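A.B. asks: Sequence and predicted model, in that order:
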Amino acid sequence: MTPALTPAWPDRAAWGTAQSLRAWQTAALSRYFESGPRDFLAVATPGAGKTTFALTVAAELLGRRIVDRITVVAPTEHLKVQWAEAAARAGIPIDPTYAAGQGRTSQDYVGVAITYAGVAVNPLAHRIRTERFKTLVILDEVHHAGDALSWGEGVREAFDPATRRLALTGTPFRSDVNPIPFVTYAPDPDAGPGVRRSVADFTYGYAQALADHVVRPVLFLAYSGEMQWRTRAGDELSVRLGEPMTNDVTAHALRTALDPAGSWMPSVLAAADRRLSEVRRHVPDAGGLVIATDQDSARAYAKLLKAISGEAPTVVLSDEKAASKKIAAFTDSETRWMVAVRMVSEGVDVPRLAVGVWATTTSTPLFFAQAVGRFVRARKRGETASIFVPSVPRLLGFASEMEVERDHVLGRTVRDEDDIFAAEQDLLDQANASESASDELDLSFEALGSQATFDRVLYDGGEFGHSGEVTVGSDEEMDFLGIPGLLEPDQVRELLHTRQSERAKKQRSTTARPADTVAEVSTHEQLAVLRRELNGLVAAWHHRTGQPHGVTHAALRKDCGGPAAAVATAEQLHARIDRLREWAVRKSS
């Protein structure tokens, strides 16, 4: 190699003193350098510090002259810049503006940052560059290489000659027929013949990170309420969000709830802003994020938030050239709110985000994990994250299963409605990527109105406050919105249990009053509440075990006796709820 091509090597000693490593990063580094693998897959929960781990590996490999160059492959343009900035702090200059067509980059750089889409456009050019130097390729959120056949083929062609490849992911892989390049798969005897599952070289999950105080505990505040809309056929429907219903009806109920012109979104945004104010009493720079489905909704939510908080939010639209600059400015400010369309769903680092509002129709496990990952990064002990979600069983199931690890699965056939829903959701994701719904979808229904009620809090696998819906703005709602923003995980758990007990005592004392001084809860309302609780637990059990809802309901009936849930008595529903909670405890132990 000529002197002109020799990069300015990073000072490994300086990096080691400037950046103290967490225990999991040290353990992962030890495993990596013990075996010296050509390919290594590290799975670490969002916020754990995958970037620091990868750049430490890169600095060490450069320092040992095992590699000459670094190539970082990221999902988005914004993340290219973020990687370049992090690498610069590590003493590794990386060019985030590099394009394959330009050939060389400045000799001041040790590496380049590119996107998966960019690789797919011209994999041969990247292969030539990879062959010219001893290259470490860092594949950030490597599951994207399985999203499209062309992306996977491009990554394989471009980086097959690489000296080392380090694959990273912090989100659950999805089932697919497209193998992810450079990832090892092994037979999964539990899943049936022909099914293979990815094998990680190092895994650091959310539960471990929470125990190590690396990430924040997350409170999910679920809101229900009545939704009314008119179908294309002219029929008017009214349902309660969270009740058992078909996928089509659930989708329309959710879209009605998220309509900025209704009452549901303004009520939930106001509650979220109150929660943010409470958090900022203890964490003055805490910020909030609303994740919207499309640009029109994002702008409408921003107007609502300005009216609620008195401060104009930062609005980030993914097709804006200034999107990355807006995110960076928000990160370094003390502005209360940011509203974004998918832009910050993955990898974007805004550590001060503490309150989130789920206002998107996208509801895949992958997107949910990506979005929640924006809120869990811990800066100091005691910080908590609060995410407001609609009471949709699928979302509540994800919230209940934050600790579950997932792998990429090959060869699995579609077996239940959840798989079908995931396939349909992929199509919806493609539509959302262009941020415009089709005319047919727009005409399929007309939102007429919505009202929000506080439903429950989900935390650490438990549910709190779910014994009858609570009026928005009431003291009972504030019992949960007013939880201090700086508490240890066990303190959060203890406080929730305390408030749950106090609420139960208050309800018992109210029930004990003379009948002529209090409005009795009707049998219909009592049964509806119990059925909602049961269905929510069944949904959570499905996402923990993969067992279809119908099978779980049948098992509960067999175990506890009685007819179908729709016609079961309160006593029978209570028995099934208790039994399912027993199953969950046994499985967790």
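C.D. replies: Here it is on my side, so go on.

A.B. asks: burial of the closest residue to residue 350 other than its chain neighbours, as a residue count?
C.D. replies: Leaving aside its chain neighbours, residue 350 sits nearest to residue 331 (4.8 Å; criterion: Cβ to Cβ, 6 or more residues apart in numbering). All C-beta spots, glycine's among them, are computed from the backbone N, C-alpha and C. By other Cβ atoms under 10 Å, the residues close to residue 331 number 17.

A.B. asks: same deal with residue 322?
C.D. replies: Neighbours of residue 322 (other Cβ under 10 Å): 10.

A.B. asks: which outside residues touch the helix or strand hosting residue 289?
C.D. replies: Assigned by DSSP states H and E, residue 289 belongs to strand 287-292. Outside strand 287-292, the residues that touch it by Cβ atoms under 8 Å, 6 or more residues apart in numbering are 269, 272-273, 276, 298, 301, 305, 313, 330, 334-342, 344-345, 350, 352-360, 371, 374-375.

A.B. asks: Neighbouring strands - and their directions - for it?
C.D. replies: According to DSSP bridges, strand 287-292 forms sheet pairs with strand 337-340 (parallel), strand 353-359 (parallel).

A.B. asks: mind checking which of the ones you listed is nearest residue 251?
C.D. replies: Closest of the strands paired with strand 287-292 to residue 251 is strand 353-359, at 14.6 Å (criterion: Cβ to Cβ).

A.B. asks: Mean confidence (pLDDT) on that closest one, please.
C.D. replies: What strand 353-359 shows for mean pLDDT is 95.

A.B. asks: Going forward, count from 54.
C.D. replies: Fine by me, first position is 54 from now on; the one you just mentioned is strand 406-412.

A.B. asks: now the residue nearest to residue 152 when sequence neighbours are not counted: how far from residue 197?
C.D. replies: By the measure of Cβ to Cβ, 6+ apart, the closest residue to residue 152 outside its immediate chain neighbours is residue 171, 7.0 Å from it. Here residue 171 is placed at a distance of 12 Å from residue 197 (Cβ to Cβ, to the nearest Å).

A.B. asks: for residue 150, same thing?
C.D. replies: For residue 150, the distance to residue 197 - Cβ to Cβ - is 20 Å.

A.B. asks: Let me see the ranges of the strands in the stretch 104-253 of the chain.
C.D. replies: Applying DSSP state E, counting those that start in this stretch to the stretch 104-253 of the chain gives strands spanning 122-127, 147-148, 164-168, 188-192, 217-222, 238-240, 249-251.

A.B. asks: Could you chop the chain up by domain?
C.D. replies: Per the record, the chain has its domains at 56-264, 271-535+542-551, 574-641, by automatic domain parsing.

A.B. asks: Run the chain-centre distance for the last one.
C.D. replies: In terms of Cα atoms, centre = their mean, to the nearest Å, the centre of domain 574-641 is found 27 Å from the chain centre.

A.B. asks: avg pLDDT for that domain?
C.D. replies: 79.

A.B. asks: on that earlier part again, was I right to think the residue nearest to residue 403 contacts residue 391?
C.D. replies: No. With contact defined as Cβ atoms under 8 Å, residue 384 does not reach residue 391; the gap is 9.3 Å.

A.B. asks: which residues are common contacts for the two?
C.D. replies: Residues touching both residue 384 and residue 391 comprise residue 403, with contact defined as Cβ under 8 Å, 6+ apart.

A.B. asks: where does the stretch 54-203 of the chain dip in pLDDT?
C.D. replies: For the stretch 54-203 of the chain, residues meeting the criterion pLDDT under 70 lie at 54-72, 154-156, 200-201.

A.B. asks: can you pull out the helices in it?
C.D. replies: 65-71, 76-88, 103-116, 130-142, 169-174, 176-185, 202-212 (DSSP state H, counting those that start in this stretch).

A.B. asks: among the ones you listed, which is the most enclosed?
C.D. replies: Most buried of the helices of the stretch 54-203 of the chain, by mean neighbour count (mean count of other Cβ atoms under 10 Å): helix 103-116, with a mean of 22.

A.B. asks: Mind giving me the packing neighbours of it?
C.D. replies: Here helix 103-116 touches helix 65-71, helix 76-88, strand 92-97, helix 130-142, strand 188-192, strand 217-222, going by 3 or more Cβ pairs under 8 Å, 6 or more residues apart in numbering; DSSP states H and E.

A.B. asks: relative to strand 122-127, how tilted is it?
C.D. replies: Interaxial angle, helix 103-116 versus strand 122-127 (axes from the mean of the first three to the mean of the last three Cα atoms, to 10 degrees): 160 degrees.

A.B. asks: What lies in contact with helix 103-116?
C.D. replies: Residues outside helix 103-116 that contact it (Cβ under 8 Å, 6+ apart): 60, 62-63, 65, 68, 72, 74-75, 78, 81-82, 85-86, 95, 97, 120-121, 123, 136, 139-140, 143-145, 163-164, 189, 191, 193, 217, 219, 221, 223, 402.

A.B. asks: Kindly report the same for stretch 174-190.
C.D. replies: Contacts of stretch 174-190 (Cβ under 8 Å, 6+ apart): 110-111, 114-115, 119-126, 153-154, 156, 165, 167, 172, 206-208, 210-219.

A.B. asks: More neighbours: which of residue 150 and residue 197?
C.D. replies: The neighbour count for residue 150 versus residue 197, taken as other Cβ under 10 Å, is higher for residue 197 (22 against 14).

A.B. asks: one step back: quick check: which of the helices and strands packed on helix 103-116 is nearest to residue 600?
C.D. replies: Closest approach to residue 600 among the helices and strands packed on helix 103-116 (Cβ to Cβ): strand 92-97, 24.4 Å.

A.B. asks: returning to what we had before: same list, the helices and strands packed on helix 103-116, but as TSV with distance to residue 176 please.
C.D. replies: TSV is the format used below for the helices and strands packed on helix 103-116 (distance: least, Cβ to Cβ, whole Å):
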stretch	distance to residue 176
helix 65-71	31
helix 76-88	26
strand 92-97	18
helix 130-142	17
strand 188-192	12
strand 217-222	15
